[in-house]
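Undergrad: coordinates only, sequence not included:
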């Protein structure tokens with residue numbers, strides 16, 4: 001089924017974001033210690049506590065869950081309201097994700113953008129970029145979602 005999104009939101013939310021979620025889900029499997037310690041910049045890499053390892057693997061699993069939900073919603077729904085509500089939930093989660101990162105980093109590290117590592121850029125920069133694009137979509141900047149009739153014609 002064709003997507004209901006206009007071209008840019010389809011590329012961003014329907015293709016690039018799911019790819020980034022798959023990569024995020026694989027990160028703790030690839031480098032557990034790095035995944036844990038790089039959540040905040042300038043951390044020294046200790047041996048992860050078993051609880052930290054469990055949380056990292058669970059986070060990776062949640063990223064994979066979000067990937068599957070995102071692909072399912074973005075590429076199978078025939079209801080524009082479903083897309084909108086999905087993006088509303090993600091926008092709320094974006095704010096929570098950035099706040100959680102900020103809480104762990106503290107104010108000084110949060111505003112020291114030059115010291116951010118790649119994972120911090122993902123947690124704050126990429127999440128902020130997605131949030132801004134979600135809000136722009138809500139405001140109609142990229143156009144509206146198009147409903148698809150069952151007979152195969154766009155409304």
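TA: Here it is on my side, so go on. Computed from a predicted structure; not experimentally measured.

Undergrad: host element of residue 91?
TA: Element membership for residue 91, per DSSP states H and E: helix 80-105.

Undergrad: What residues sit buried inside stretch 99-116?
TA: 101, 102, 105, 109, 110, 116 (16 or more other CB atoms under 10 Å). In short, each C-beta sits where N, CA and C put it, glycine included.

Undergrad: oh, I was asking about stretch 117-135
TA: Applying a neighbour-count criterion of 16+ other CB under 10 Å, one finds 117, 119, 120, 122, 123, 124, 126, 127, 130, 131, 133, 134 buried in stretch 117-135.

Undergrad: Am I right that the fifth one is in contact with residue 101?
TA: Right, the one you point to is residue 123. Yes. Counting by CB atoms under 8 Å, residue 123 does reach residue 101; the two are 4.4 Å apart.

Undergrad: hang on, the earlier thing: identify the farthest-apart pair in the buried residues of stretch 99-116.
TA: Farthest pair in the buried residues of stretch 99-116 (CB to CB) is 102 and 116. Separation: 12.0 Å.

Undergrad: Name the residues contacting each of these two.
TA: Residues within reach of residue 102 and of residue 116 at once, by CB atoms under 8 Å, 6 or more residues apart in numbering, are residue 124.
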